[in-house]
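Peer 1: Generate coordinates for the sequence data below:
(chains A, B and C)
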Amino acid sequence: MRHSLKHSLLLLFLIGTLLLTGCWDQKDIDTRGYVLGLAIDSYPPDPQSSESAGPNQASPKEEEKLEKMQLHTGDPAYAMTIQLPILANADMLEGFGNQSSEDSQSWEITQIGNSFFSMNREMASRTGLSLYYEHLQVLLLSEEVARKGLINILDMFMREPEMRRGVKVLICPGEAKSILDVAPRIDKYSSVYLSGIFENSNRNSRMVYHTNMGDVICALHDGHDFILAKALSTKDEIKTSGGAVFHNGKMVGWATEIEVEAINMIRNTYTGGVILVDAPGGEEGRVALEITNEKAKVTPIVNGDQVSFRIDIKVEGDYSEDINLHTHEKLPFLKSLEAEYEKEIQDLCTETIESMQEKFKADVFQFDRILQAEEPGYWERMGSEWNSIYPEAGVSVHADVNIILTGI
Amino acid sequence: MKKEKLISPQVMTLTACGILGIDILIVQRDMVAVARQDAWISLILGGMAAILLGSVCYYLAHLYPDMDLPQIILHVFGGFFGRMILLPFIVYDLLYLGMSLRIFAQALKMFLLSATPMLPIVVLILLTAGYAASKGIFAISGIMDIIFPLCAITILGILLMPMNQIHLGNLKPVLYKNTGNVMKGILTGYQQFTGFSTIAYFYCYTQKTKGTFKWYLAGLGIPIFLYVALTVVTIMVFGPMDIGYLIYPTLTLAKSIEIPGTFLERAESFAAILWINIVFVSVVLVLFRTTRNISEWLHVKPKYQNYVIWGIALLLIGIALFIRSGTQVLLFFSKMKKGNPIFGLLIFPCITAVAYIKKRREART
Amino acid sequence: MSKLLKRRLGKKNKKFEIKGDTDHLKPFRLSENVEDNITRLKSAMNNTFDIKSREFQIGGTQFQAAILYIEDLVNEEMIMSHLLKPLVLQSTTVIDSGTEVNFQSVKDSMLSTDSVQEAETFDEIVLAVMSGDTFLCIQGYTKGLIVNTRGLNGKPFAVPIVEPSVKGPQEAFVETLKINLGLIRKRIRDPNLMLEEYKIGKRSKSESVIVYIKGIADPDIVEDLRKRLASVDLDMDQSAFQIGNLMADRPGSIFPQVQITERPDKLAFSLSEGRVAVLTDGSPNAMLVPVTLPILMQSPDDYYESWVVSSIIRISRYVGLFLSSLFPAIYIAITSYNPGMLPTRLVLSIAATRAGVPFSAFIEALLMEAVLELLQEASIRLPKAVGQTVSIVGGLVIGQSAVQAGIVSPIMVIVISVTAVTSFAIPDYSLGLASRILRVPFMIFATTLGSFGIAIGMLLLLTYLSSVKNFGIRYLSPITPYHFQDWKDTVIRAPLRDLTKRPEFLNPEDTERSRSRKKEKEHS
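Peer 2: Residues are numbered from 1 along each chain as shown, chains lettered A, B, ... in the order given. Coordinates of the predicted model:
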């Protein structure tokens, strides 16, 4: 008897707790607004950039009526745009990625304010969907915002548990919002389309692949310099190639595509790509090498108060295409080709390093990390002056290329 | 009917479950704060200290194979002094349990249920743990037998999956002018492994075979190994500076797992299975220990022990929700853990020494 | 003589000796005294109540003779008309015509059965009697005759309905106790097979029999069962379940505390593992104790396929058990609380299909679950002719129309259908019902507290299962407490040659089932 009394009491407690709890967190899956992409521009916008008026958009003045919000303190400084999917138009039953109707598939809402969290909550007054950031694919920042400094704006993204560390961060030369307005042809949502491009990293290393929020946070906390991907767009296409260079948490300039390639090589984040050289031996033609494997070893050489770096790059690749040549399979030709590649890579890396040192004084190669790890004594002594030591540091690059396969 | 006894592998699971606890979420932060990138070395050394002192505990249990710890203490020191010595155990365990529950509820609120108030979370997990504790040590060990391999495999999964994001360089430089910190860190490392004293509470129920001690060592070794591996991987993925900003590094580690192409892209659901179960087993065991302590303290007959459990549960709700600020809770918890070595370094060896002397005297008469 | 026998039988078995065959009876021989023979033979077969004997005199002469047989296995008609009648009544004609009554003449001239054999040693006799033959011994002779009177040949009496098997025998128990005992004895020709009689129910006085193999089953379990059976206080027993329930440790539990089976092959195998069975007259089901969760998940089909195939199928059954209780709850928890756990494309896809559905996920699931349960209950009672149509209409049409009307989302239909189907992957029907009952509580947990709620629910369930004891054995044995050796036959099924020992958790007295390969090598 006591047994069943105990059990009934336990059951009562359980049921009581369960029924009295009000399912506080329950939200049906279709009542959430899945934010797929987020763009941050500065406000007031550059007078030179013009907004493209889409078919359903009201004139800019009208929109601002809704976008502005009353602030507790300070002036509006940022315009935050989010991209929400319009589920009713998403014709899921007809398979994926087809835009079967003329209706737009996504809705971009902009909010103007000076604190991202309040801006986020202000959007709750404009849509019944509760915004949900766990599926955020990309975070786009305009160049203006990036130059002001990232620590200023990224705090909410670091603090909120909903934000994931895998979100891709990209910098746009113009207005970040325009990227979200792109209506891609092979996907419904531009954010998903954009984040899908990064899966091609092993085919093209001119993209900055390690451009996750996690990488940014690590670098900002550690005080290292880094590069982030660059995003360019037209009406229905987005391209990411090249990168934005950051020093001390602020953007200082753009790195070209080939510079990004070299940076990837030196930082060991190169997963695959192509290098083209002129044919050796004075012949008219070019040969393309598809690089399949790349490894770089950076060794710091300490000389009193001076430090220089020796970079050894080992490359393996396949002979993938030649232009204006007959295929020369003979070994001496391949050997001289390898020498050409080695020289090309060496020049490339040395030029990029010098460019980064002189133009931006940014240690995007994270030599300081290597120094900290390998030569802690030196770092202890001279580390605080790294900003002045780095531009003077000498580098010597040695490359070793091996051609593995030559096709037919 | 033969009397039911715990078999030796269950000694391993019970010990391991007693050690694994809420610490698994915050161990990396505590260690890195003291020893930076060499935190794992401190942890290994702290673990070895725990094994040493754990063996002392085992020996104590072995001296009186039919009594559990509160009974041994009362027997060795007599009624009055025994109760005085038992009191710090009770107080520490209650505080530890209350803080564990609170930190668990906070972490849950942060990552899974953001709008739910803390009271239902704490009440529910206490109800479940109380129910389990009231079923007796054999049912408890049955639960641990199933949960322990599950959790161990999940931890291994969380360790192995971020492998594509590690930077070995984060561990360097190794022991560069850091040895002092590492030595300081040994104490902190040892604190993470509190809970090895659980053996003294269930040794009386086991089949005493020759291999039991080996299983006990395995039960100590596996959590140590898992904690160290977790710390190493976390440092390799995030770097010592970044960890300082993370409140729950293990959960952030789980969130950062990216394996493209699998069905569950976001593998942090594994983490949810993990830490809810680990906190549960830790709460059950500490509850069991406290019940035994208080029952012996107040001379409660085994029939009424279940009421003690519910009484403690009510008290714990109060303790868990007493401090309002989350940061204060974490600070208090860290400070509290600093008091733990007193048990291991001072109290247990004293008890063991006195018990040994008393046993020799008893044997002579 | 009988003392020697008892001592011999009670000795601890030597290594490598498979107990249970009749070899150990070889040394024993018949004496010249008929009564003595019959007594000794009966005690060699443990004096079970179904061994019958009849003493008579041949044809009115002074020759004493006796027959010994097991009533469940023989064709009694044959005994009466071809054995007793000729010897007792019709042999008078033979005797009167001058034939001397001796062993040879009885064997040649007085029996009208189709096969007769001579036998001297106990092992031959016991084996024959256990196969359904009748043993005839005559006063003054140390030889006896074995006469073929086997009944129970050929046709099955009933076909298994609740526990069908793909390749196994299609035999099931019937409502008559005698025939059921015969089906068991036919499979276990072991003199150590013990049958103990009980009468249950004050008014019904139904005959119940405890069946076990002495020397394998743990005597503590048997003793426990005897006590419990004796304490069952019933007016009239309605079902095997009722008796089982009244004896059980946790009568209120939704998890089966006894295993009910209608297959004699399953029962015979369980007896050889060390379990004990109870059969009742009037019930086509037998009860098996003790029972644990892994035992309920085993099916005789597992032993008809290769070990890899069987292991995978067994694992999929456990997955089925898990899904059958938890799938709707997991769906509710993930979609309502943590859509972040799913890949983005999946989330958008589910959300798009759910747009426009008026109910919350929990109500949807509850509605579909209610309809499903009603359908399942209704289909038990449907007349065969209409059965197929109604289930198709109910399942497909209702489901399809509900989706198109926008009342439920198609994903919910998928979830509920998968759940329904997986609950039938569970071999034991009662366990399947238990898992169905657990669906709704888990759904409630999921809808109030998301995945934390499910975790709490599972922990509560796990605690409950760990604390249930069944005749002294934990409900989750041999998974916990760890009996590593038994794991070869629970979730997976190791190659048959490696299954040489009986399950440890049942505490059998005789642990070796067969010789392992290693030992064979040592001895060859």
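Peer 1: list the contacts for residue 30?
Peer 2: Picking chain A for this. A:87, C:351-352, C:354-355, C:357 (CB atoms under 8 Å, 6 or more residues apart in numbering or on different chains). Where C-beta positions appear, they are placed from N, C-alpha and C, glycine not excepted.
Peer 1: wrong one, chain C
Peer 2: C:37, C:120, C:122, C:125, C:137, C:141-144.
Peer 1: Give me the nearest residue to residue 277, chain neighbours excluded.
Peer 2: Unless you meant another one, I'm taking chain A. A:E340 (4.7 Å; CB to CB, 6 or more residues apart in numbering or on different chains).
Peer 1: Correction: the question concerned chain C.
Peer 2: Nearest residue to C:A277, sequence neighbours excluded (CB to CB, 6+ apart): C:V211, at 4.4 Å.
Peer 1: helices or strands up against the helix or strand hosting that neighbour?
Peer 2: Per DSSP states H and E, C:V211 falls inside strand C:206-213. Applying 3 or more CB pairs under 8 Å, 6 or more residues apart in numbering or on different chains; DSSP states H and E, we find strand C:206-213 packed against helix C:177-187, strand C:193-200, helix C:219-230, helix C:264-273, strand C:276-280.
Peer 1: Run the angle between the last one and helix C:219-230 for me.
Peer 2: For the pair strand C:276-280 and helix C:219-230, the angle between their directions (axes from the mean of the first three to the mean of the last three CA atoms, to 10 degrees) equals 20 degrees.
Peer 1: what sits up against the helix or strand that strand C:276-280 is followed by?
Peer 2: Once the chain leaves strand C:276-280, the next helix or strand it forms, by DSSP H and E, is strand C:286-289. Residues from elsewhere that reach strand C:286-289 (CB under 8 Å, 6+ apart): C:173, C:180, C:221, C:225, C:240, C:243-244, C:258-262, C:267, C:270, C:275-279, C:470-471.
Peer 1: Give me the buried entries from the residues you listed.
Peer 2: By neighbour count, with 16 or more other CB atoms under 10 Å in any protein chain shown, those hold C:173, C:180, C:221, C:225, C:240, C:243-244, C:258-262, C:267, C:270, C:275-279, C:470-471 as buried.
Peer 1: wait, A:R286 sits on A:L276?
Peer 2: Yes. A:R286 lies in contact with A:L276 (CB atoms under 8 Å); the separation is 5.5 Å.
Peer 1: What ranges in chain B fall below the confidence cut-off?
Peer 2: Low-confidence segments of chain B (pLDDT under 70): B:1-2, B:259-267, B:269-270.
Peer 1: Give me the next element, helix or strand, following the longest helix belonging to it.
Peer 2: Criterion DSSP state H: the longest helix present in chain B is helix B:69-111. Downstream of helix B:69-111, the next assigned helix or strand under DSSP H and E is helix B:118-133.
Peer 1: which helices and strands sit right next to the helix or strand that that following helix is followed by?
Peer 2: Note on helix B:118-133: by DSSP H and E, the next helix or strand toward the C-terminus is helix B:137-160. Helices and strands touching helix B:137-160, as assessed by 3+ CB pairs under 8 Å, 6+ apart, comprise helix B:8-19, helix B:118-133, helix B:212-238, helix B:249-255, helix B:268-297, helix C:429-467.
Peer 1: which parts of helix B:137-160 are buried?
Peer 2: By neighbour count on 16+ other CB under 10 Å, the buried set for helix B:137-160 is B:137-148, B:151-152, B:154-155, B:157-159.
Peer 1: Spatially, what comes nearest to whatever residue of the stretch 301-450 of chain C ends up closest to chain A if we skip its sequence neighbours?
Peer 2: Going by CB to the nearest CB, chain A is nearest to C:G340 of the stretch 301-450 of chain C, at 3.1 Å. Closest residue to C:G340 apart from its sequence neighbours, by CB to CB, 6+ apart: A:E134 at 3.1 Å.
Peer 1: quick one on the thing from earlier: which elements pack onto the helix or strand encompassing the residue nearest to A:V277?
Peer 2: Using DSSP H and E, A:E340 maps to helix A:331-355. Contact partners of helix A:331-355 among helices and strands, from 3+ CB pairs under 8 Å, 6+ apart: helix A:257-266, strand A:273-278, strand A:286-303, strand A:306-323, strand A:394-405.
Peer 1: Put together JSON lines for the ones you listed, with mean pLDDT on each row.
Peer 2: Output for the helices and strands packed on helix A:331-355, formatted as JSON lines (pLDDT from 0 to 100):
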{"stretch": "helix A:257-266", "mean pLDDT": "90"}
{"stretch": "strand A:273-278", "mean pLDDT": "86"}
{"stretch": "strand A:286-303", "mean pLDDT": "88"}
{"stretch": "strand A:306-323", "mean pLDDT": "87"}
{"stretch": "strand A:394-405", "mean pLDDT": "88"}
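Peer 1: Quick check, central residue of chain B?
Peer 2: Here the mean C-alpha position of chain B is nearest to the C-alpha of B:I19 (CA atoms, centre = their mean), at a distance of 3.0 Å.
Peer 1: which residue ranges form the helices in the stretch 101-250 of chain A?
Peer 2: For the stretch 101-250 of chain A, the helices defined by DSSP state H, counting those that start in this stretch cover A:116-122, A:143-148, A:155-159, A:177-181, A:190-197, A:213-222.
Peer 1: Pull out the buried positions in stretch A:120-139.
Peer 2: Across stretch A:120-139, burial judged by 16+ other CB under 10 Å covers A:120, A:122-123, A:129, A:131-139.
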